[in-house]
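Engineer: Here is my input, please return the structure:
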Amino acid sequence: MPTPTNENQSIRTAYWRENLTYLVVLLFVWFIVSYGCGILFVDQLNNFRIGGAKLGFWFAQQGSIYVFVGLIFIYVWLMNRLDKKYGFEE
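Structural biologist: Sure, this is the predicted structure:
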């Protein structure tokens with residue numbers, strides 16, 4: 001089995017570093033929306049309404065799920081761009 005060259009290894013390292021950056025940012029957004037908007041900031045958000053429900057309640061029940069699904073699509077889009085950038089596309 002051939003060993004990877006230093007150039008290949010540096011490309012893979014850069015790829016994974018960028019991938020992990022995307023993951024950390026998206027997980028932070030998910031945490032803020034699910035934990036922050038659904039629990040910590042619920043009293044402030046309940047001053048607003050969406051579809052007849054208080055916004056804090058809505059985030060706790062549905063909003064965080066919608067954001068999570070949106071983050072999945074954003075991650076797929078980002079990873080497709082990253083794969084093309086580093087030549088790992090299918």
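Engineer: count of residues packed around Trp58?
Structural biologist: Neighbours of Trp58 under the rule other C-beta atoms under 10 Å: 21. The way it works is simple: take the backbone N, C-alpha and C, and place the C-beta from them, glycine included.
Engineer: Extract the C-alpha set from the helix or strand hosting it and format it as PDB.
Structural biologist: Per DSSP states H and E, Trp58 falls inside helix 55-58. Coordinates of each C-alpha in helix 55-58 appear next as PDB, following Å, rounded to 0.1, in the frame of the first residue of the first chain:
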ATOM      1  CA  LEU A  55     -42.300  32.600  19.700                       C
ATOM      2  CA  GLY A  56     -40.400  30.900  22.600                       C
ATOM      3  CA  PHE A  57     -42.900  28.100  22.700                       C
ATOM      4  CA  TRP A  58     -42.800  27.800  18.900                       C
END
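Engineer: Which strands or helices does the host helix or strand of Ile65 pack on?
Structural biologist: Here Ile65 sits within helix 64-86, counting by DSSP H and E. When contacts are defined as 3 or more C-beta pairs under 8 Å, 6 or more residues apart in numbering; DSSP states H and E, helix 64-86 packs onto helix 6-31.
Engineer: And the nearest residue to Phe68 once chain neighbours are set aside, how far from Glu7?
Structural biologist: Spatial nearest neighbour of Phe68, excluding adjacent residues (C-beta to C-beta, 6 or more residues apart in numbering): Trp30 at 5.9 Å. Distance of Trp30 to Glu7, given as C-beta to C-beta, to the nearest Å: 35 Å.
Engineer: out of those two, which sits in the busier spot?
Structural biologist: Each of Trp30 and Glu7 has its neighbours counted (other C-beta under 10 Å); Trp30 has more, 16 against 8.
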